[in-house]
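Engineer: Got a sequence here, can you model it:
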Amino acid sequence: MFISPYLYYSANIEPMLGFIYAGTTLFTVAYVWFRVGEKTGRTNPDIDRLFMGRVPVRKWRTYVVADEMGQTLEK
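Structural biologist: Numbers count the residues shown, from 1 in each chain. A predicted model of the protein is given here:
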């Protein structure tokens, strides 16, 4: 943390620095929770099809992917 000493001593926020890092951490966790899809058991072409089909990330776990011929693939 290169900027931490400057924030702690020069900006005089001292222990409140923890609130800054806690807030950014919570924001990052929420972003990852809602924006990173479950990819377990999926191949790269399956993930490409999910993106091209604009399937919401929260539905990736149960979504059945069809191959190029239109046949559904088992998970």
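Engineer: Just want the most central residue of the protein.
Structural biologist: Geometric centre of the chain, nearest residue: residue 32, 2.7 Å, by C-alpha atoms, centre = their mean.
Engineer: Pop out the phi and psi values for that one.
Structural biologist: Per-residue torsions, residue 32: phi -60, psi -40 (degrees, to the nearest 10).
Engineer: Could you tell me how far it is located from residue 16?
Structural biologist: 25 Å (C-beta to C-beta, to the nearest Å). (C-beta placed from N, C-alpha, C; glycine too.)
Engineer: repeat for residue 46
Structural biologist: Taking C-beta to C-beta as the measure, residue 46 falls 46 Å from residue 16.
Engineer: And those two? Which one has more around it.
Structural biologist: Higher neighbour count among residue 46 and residue 16: residue 46, with 18 against 11, using other C-beta atoms under 10 Å.
Engineer: thought the more buried one was touching residue 65?
Structural biologist: Yes: using C-beta atoms under 8 Å as the test, residue 46 is close enough to residue 65 to be in contact (4.8 Å).
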